[in-house]
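K.L.:
Have a look at this prediction, sequence included:
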Amino acid sequence: MEKSLTKKISKNRLINLLIQILFDVVLKIIRSFNKLFSKNGINVCVVSIHKLGDSIFTFEAINSIKNFFKNDVYILCHYNAEEIYKLFHPQDKIIPIPKEYFHFNDRYLDSRARKILKLLKPRIIIDLTGVMTSISLIFTSKAKRIIGMNRKLFRSLFDDFVEINTNLKSLEIYNNAIKDIIPIKPLIFNNYELYKPIKKILIFPFAGWKSKEWGIGKFIRLAEKINTDYDVEFVFDSTFISNEIYQYLKENNIKYSITKNIKELIEKIKSSDLIIGNDSGPVQIAAFLGKKTFSIFGPTNPKHHLVIGNKNKFIQKKISCSPKENERICFTDGGKSGCPSFECMNLLTVNEVFNFLKTEVL
């Protein structure tokens, strides 16, 4: 009933208009009041509260910000993303927001997080997050200028605002937030040896949500087909794996390891030659580190989510409800709401993936 009511409200233009006017007035008052007491801040602070893969897609925008302002740029990030940003940004300029400061499923940051931002004495804040979480962090800031993207509802909190456009490719979403003010400086991903022989293969069988996962059973059968010719290893994180699966891998001489944190995951990736996985964070990290990658796509559009570079291959079973050319995800919100059977993943066979992998990647 609650979801039904929310949908009705979202479709009512008059109610939407009234809500927008209310937010415009309130946020404009808050922002104007805060600017009256604006102090001579000295730093540029980028608010980029993302996890794994999405963090990678902000690199080019942040690199452009650093190149443009020429001075210290701080990154306020999700507690899980600190190691990701260390790949290209000085450690002492990365400020992870602790887990206990997040509330309501990471949608809201409390006053302790706002205190962290205040202590950085920001002159300029650039929001590359685009959700309520970042608004809860910056709405009390006395920074002289707030730039960035978010939902239209929060536009009056910004001095330079861009409405978040999720129809763009993942990299372009974050570049779009700043490109009218800051020239985009392309970020060159790490080079790799094009013809370097593949020896070590890592398989990451999980993803950000269930409908993006091909299935661990299929990944195991794929591993069995290539394990005799290559050094294959599954990499698991804190995701629950049954003891039966661990036992099966042991009995069939398929290696596996369990990473306790992002730092261990990155070190694992650095030791490999090829990463196989779903549309997921580990694949994005591997591409940035110059590794060859092979991704299995289903309810998300490869043209919007595929990692940068010509060393990254993918396969996707196209069916009638797959995302169209200009869509980031399928009409069921990428399978998160309303998809009955995940057919785009279920119909993709092990032999299809193996044959593509053998002819196009290995």
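P.N.:
The structure has been received and is ready for your questions. Numbers count the residues shown, from 1 in each chain.
K.L.:
and residue 186, how many residues sit next to it?
P.N.:
10 (other C-beta atoms under 10 Å). From N, CA and C alone the C-beta is placed, and that goes for glycine too.
K.L.:
Can you check the pLDDT for it?
P.N.:
If you check residue 186, the pLDDT there is 85.
K.L.:
Next secondary structure element downstream of whichever strand or helix holds residue 294?
P.N.:
Per DSSP states H and E, residue 294 falls inside strand 292-297. Once strand 292-297 ends, the next helix or strand along the chain (criterion: DSSP H and E) is helix 302-305.
K.L.:
Could you export the strand holding residue 294 as PDB, CA atoms only?
P.N.:
Extracted in PDB, the C-alpha atoms of strand 292-297 (Å, rounded to 0.1, in the frame of the first residue of the first chain):
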ATOM      1  CA  LYS A 292      42.000  -8.000 -18.900                       C
ATOM      2  CA  THR A 293      38.400  -8.500 -18.000                       C
ATOM      3  CA  PHE A 294      35.500 -10.600 -19.100                       C
ATOM      4  CA  SER A 295      32.000  -9.600 -17.900                       C
ATOM      5  CA  ILE A 296      28.700 -11.400 -18.000                       C
ATOM      6  CA  PHE A 297      25.800  -8.900 -18.500                       C
END
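K.L.:
helices and strands around it, which ones?
P.N.:
Here strand 292-297 touches strand 274-278, helix 281-288, strand 312-316, going by 3 or more C-beta pairs under 8 Å, 6 or more residues apart in numbering; DSSP states H and E.
K.L.:
mind checking which of the ones you listed is nearest residue 178?
P.N.:
With C-beta to C-beta, the closest approach to residue 178 among the helices and strands packed on strand 292-297 belongs to helix 281-288: 19.9 Å.
K.L.:
so what does the closest one touch, helix or strand wise?
P.N.:
Packing contacts for helix 281-288, counted by 3+ C-beta pairs under 8 Å, 6+ apart, involve helix 52-57, strand 200-204, helix 262-270, strand 274-278, strand 292-297.
K.L.:
Same list (these) but as TSV, adding mean neighbour count.
P.N.:
Below are the helices and strands packed on helix 281-288 laid out as TSV (neighbours: other C-beta atoms under 10 Å):
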stretch	mean neighbour count
helix 52-57	24
strand 200-204	23
helix 262-270	17
strand 274-278	26
strand 292-297	25
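K.L.:
Could you pull up the mean pLDDT of the helix or strand harbouring residue 112?
P.N.:
Here residue 112, judged by DSSP H and E, is contained in helix 111-119. Mean pLDDT, computed over helix 111-119, is 96.
K.L.:
what's the offset of that helix from the middle of its chain?
P.N.:
Between the centre of helix 111-119 and the centre of its chain there are 24 Å (C-alpha atoms, centre = their mean, to the nearest Å).
K.L.:
which residues of the stretch 51-200 of the chain fall in strands?
P.N.:
For the stretch 51-200 of the chain, the strands defined by DSSP state E, counting those that start in this stretch occupy 73-78, 94-97, 102-103, 108-109, 122-127, 145-150, 160-163, 200-204.
K.L.:
Using JSON lines, lay out those strands together with distance to residue 32.
P.N.:
Output for these, formatted as JSON lines (distance: least, C-beta to C-beta, whole Å):
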{"stretch": "strand 73-78", "distance to residue 32": "24"}
{"stretch": "strand 94-97", "distance to residue 32": "27"}
{"stretch": "strand 102-103", "distance to residue 32": "28"}
{"stretch": "strand 108-109", "distance to residue 32": "23"}
{"stretch": "strand 122-127", "distance to residue 32": "16"}
{"stretch": "strand 145-150", "distance to residue 32": "12"}
{"stretch": "strand 160-163", "distance to residue 32": "15"}
{"stretch": "strand 200-204", "distance to residue 32": "48"}
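K.L.:
so where's the stretch 251-362 of the chain shaky on pLDDT?
P.N.:
Within the stretch 251-362 of the chain, the ranges that satisfy pLDDT under 70 run 308-310.
K.L.:
between the helices and strands packed on strand 292-297, which gets nearest to residue 102?
P.N.:
If you check each of these against residue 102 by C-beta to C-beta, helix 281-288 wins as the nearest, at 18.3 Å.
K.L.:
Residue 177 is nearest to which of the strands of the stretch 51-200 of the chain?
P.N.:
Closest to residue 177 of the strands of the stretch 51-200 of the chain is strand 145-150 (C-beta to C-beta; 3.7 Å).
K.L.:
average pLDDT across the closest one?
P.N.:
The pLDDT scores in strand 145-150 average 96.
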